[in-house]
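Enquirer: give me coordinates for this.
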Amino acid sequence: MSIVGHNLCCKYQDSSLFLTDRIIYRDKPGLQIQCTQYKSIENVKHSDHKPVIAHFRLKLKPGLHTGNPAYGKFNREVYKRGCEQRERHHSLGVGVENNKKRRQPITNSSTCVLL
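Expert: Numbers count the residues shown, from 1 in each chain. Model prediction:
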């Protein structure tokens with residue numbers, strides 16, 4: 001396991017190391033992940049910890065396409081239930097500021113974003 005933090009890249013050795021404002025990643029032997037940039041976002045001040053970002057350079061190998069991949073398959077019923085659940089959640093006022101005007105739900109959307 002490796003740690004990126006405070007403008008340095010180092011190997012994880014001390015288990016009592018305080019891991020705030022650092023990025024922890026694991027690589028396979030021979031993969032050669034290189035941290036090319038690490039910085040904190042100075043203008044975000046929601047707590048005493050600042051968000052950090054890191055850029056890595058690595059070489060990817062093409063994947064093996066074996067089995068039955070589900071590329072392009074979309075379960076519309078699961079998506080529809082999720083939208084209905086989110087709408088119920090927001091109609092109770094959870095996660096929505098009361099002073100903002102709400103948009104009408106889109107009934108014919110062809111876009112799905114997964115995070």
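
Enquirer: would you agree Phe56 is in contact with Gln32?
Expert: No - using CB atoms under 8 Å, Phe56 makes no contact with Gln32, being 10.4 Å away. Glycine gets a C-beta too; all of them are placed from N, C-alpha and C.

Enquirer: so the residue nearest to Leu31 when sequence neighbours are not counted versus Pro29, what's the distance?
Expert: Nearest non-adjacent residue to Leu31, counting by CB to CB, 6 or more residues apart in numbering: Leu58, 6.2 Å away. Look at Leu58 and Pro29: by CB to CB, to the nearest Å, they are 13 Å apart.

Enquirer: looking at the two, which is more packed in?
Expert: Using other CB atoms under 10 Å as the criterion, Leu58 and Pro29 rank with Leu58 on top: 10 against 5.

Enquirer: where does pLDDT dip in the chain?
Expert: Filtered on pLDDT under 70, the chain yields the residue ranges 1-20, 47-48, 63-72, 90-115.

Enquirer: apply 50 and report the result again.
Expert: Judged by pLDDT under 50, the chain has its weakly predicted residues at 6-12, 15-17, 115.

Enquirer: when Phe56 and Gln32 are compared, which one has more neighbours?
Expert: Phe56 (15 against 10).

Enquirer: fine, thanks again, bye for now.
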